[in-house]
Structure formats: structure tokens, C-alpha cells
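J.: okay, here's the prediction I keep looking at, along with the sequence it came from:
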Amino acid sequence: MSLRDYLFYEEPSIQLYCGDCREILLLLEDRARLVLTDPPYGIVGGLFWRRSGTALENWDNNPENMQVDDWAGRASTVMLSDAYLAEFCSMQIPHLEATFERHRKAGLIPWTRYLIVKSSPAPCARPIFVSAFEEAIISRKGGPKWQGTRYVPNRWIGQTPNRSHDSWGHPTEKPIEPLQVLVRSLAEVGATVLDPFSGSGTTLEAAKLEHRRAIGIEIEPKYCELTVKRLRQEILPLSLPILAQTENLTLL
Ligand SMILES: C[S@@+](CC[C@H](N)C(=O)[O-])C[C@H]1O[C@@H](n2cnc3c(N)ncnc32)[C@H](O)[C@@H]1O
């Protein structure tokens, strides 16, 4: 199959491909300044999640999950010679270690981390530390420039969309503001940002808002459709219609 066969949606600065990123990454010709992504952690199918009643999704319950796959090796071939990879990953130590190893194997140098601190983390079904933050490991290829200002804290504090009930409809959606910070700080205006596991398209929207180009890859057609609606702003985050009903607001 050619790259064109995977193209799901296109606008002047954005392309969304539907399919397995491990195949599509081999076909991409564009080169990214920043790979900003949130691959499946391979934990949703675990006993803890089953007990807590969270719906299982095949992509995260797959034994062939992205913790062990060399997708980063393929992603690094479509990165510019000076570029960043920022990967959100599981907090579990073996998964963190696997992330560092995967980045090093891909020829990248682990550099720093960025935290999303959850102001009101969801409770757990059993006694265990409640997960109050999510972490992106940022690695460098070559010597990319810092594009941010002189004062950018390496954490964002707030609610995740599913907790604050303003999700677009993806079970592991990231808040948009911290992704905007990462885009602004790690890629210059006009540069290409690539997300090989784009889900509901949070990275693509952040890049668009920050005037960067974006390429998304997502295996599930339903999330590709959601991304298109989101980018076209044809739908509103799930809470807004509810708010409008309960508070008798008129949406203009
Ligand atoms: C953790 S979610 C990303 C959520 C995203 N950050 C957001 O804010 O909506 C991971 C996504 O990767 C997709 N995925 C899983 N395996 C994939 C593959 N091999 N190629 C491309 N996408 C894949 C899943 O369908 C899922 O939507």
C-alpha cells in the first residue's frame, strides 16, 4: 500500500493517516522536529483495571503492546537530524526503564521529563497509590534548539478531560494546554509535529493552535473520525451541551 492509501483527512497544515503506525512510519517522507505521542501503555487490561471496572479497549489489552515494540526506532528515521521525541509513558518502573531503553536503541538521548499533575486524581478501586501525575520522557536526536521562553515550568497542573467531563470521547485523552506548552517549547513555528498514536487528535489540535504543521497516525477509524470533527470543531467537548442544558445557556 502507498502512503496515499492510508490518508484519512487533510487540511493545509495537517495530515491524518488511519492505520498501523509501524507500517505508515516506513512510508512517510516529511521530517518532524518533534514527535509528541502517548502510545498504549499496556496496562488497561491488567487485573487492577478490570477490578476498577474500566472498559477494556483492544489496543491497550494487546500483548503485542507498544512497550515492547520498536516503533521509536521507526519514528527516529522520520525525525530531522536535530529533533525531540516526547513520549508519555506509564509510571511503573519496568515501563519507564523500557522507555529509556527504547529511546536509546532508537539513537536518541534521554534528556528530561515533563509532568501533567492531576489536581483531582480519580480514586482507585483497591488500596494503592492513586495516580496523581502523568509523565513524558523527552529525548533528543542531535542538538535541537529550545524554542520556549526563559520560564517554562516542567509541569502543568489541572484536570484530565475525562475527569473534568470535557472529553471529546477518547478514554485516555490528554488535556490540550500541556501539549501546547510542549509544542511551543520543542518545535519552531511552521515545523512538523508527528504523533504516531494520535487518538482523539489532541497533539494535532495543539500543533494547529500553535501554528505548527502536524501529522497524526491512528489505527482506530472511530478515533480518526473524532479527530476530524474535532479539528473542524464540528462537535463540542462532551460537557458543553450538558452545561447548556442544566444552566439554560444559549450556545452562540
Ligand atoms: C493512549 S491513546 C492516545 C490518546 C491521545 N493522546 C489523545 O489525547 O486522545 C493511544 C492510541 O493509539 C492507538 N494505537 C494503538 N496501536 C496503534 C498502532 N499500531 N498504530 C497507530 N495507532 C495505534 C489507539 O487506538 C489509541 O487511540
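T.: Yep, it's here.

J.: show me what contacts the residue of the chain at minimum distance from the ligand?
T.: Relative to the ligand, the nearest point of the chain is residue 199 (2.6 Å; CB to the nearest ligand atom). All C-beta atoms are positioned from the backbone trio N, CA, C, and that covers glycine. Residue 199 makes contact with 38, 170, 172-173, 218, 223, 227, according to CB atoms under 8 Å, 6 or more residues apart in numbering.

J.: out of those, which is most surrounded?
T.: Greatest neighbour count in the contacts of residue 199, by other CB atoms under 10 Å, goes to residue 218: 29 neighbours.

J.: list the beta-bridge partners for it.
T.: residue 18 (DSSP bridges).

J.: how many neighbours does residue 208 have?
T.: Neighbourhood size, residue 208 [other CB under 10 Å]: 19.

J.: and what of residue 157?
T.: Residue 157 has 12 nearby residues by other CB under 10 Å.

J.: wait, it touches residue 121, no?
T.: No - counting by CB atoms under 8 Å, residue 157 does not reach residue 121; the two are 11.5 Å apart.

J.: and the next element down the chain from the lowest-mean-pLDDT helix or strand in the chain?
T.: For the chain, the helix or strand with the lowest mean confidence is helix 47-51, at a mean of 37 (criterion: mean pLDDT, DSSP states H and E). Using DSSP states H and E, the helix or strand that follows helix 47-51 in sequence is helix 71-77.

J.: what residues does that following helix touch?
T.: 21-22, 25-26, 35, 37, 39, 85, 87, 102-103, 105-108, 141, 194, 196.
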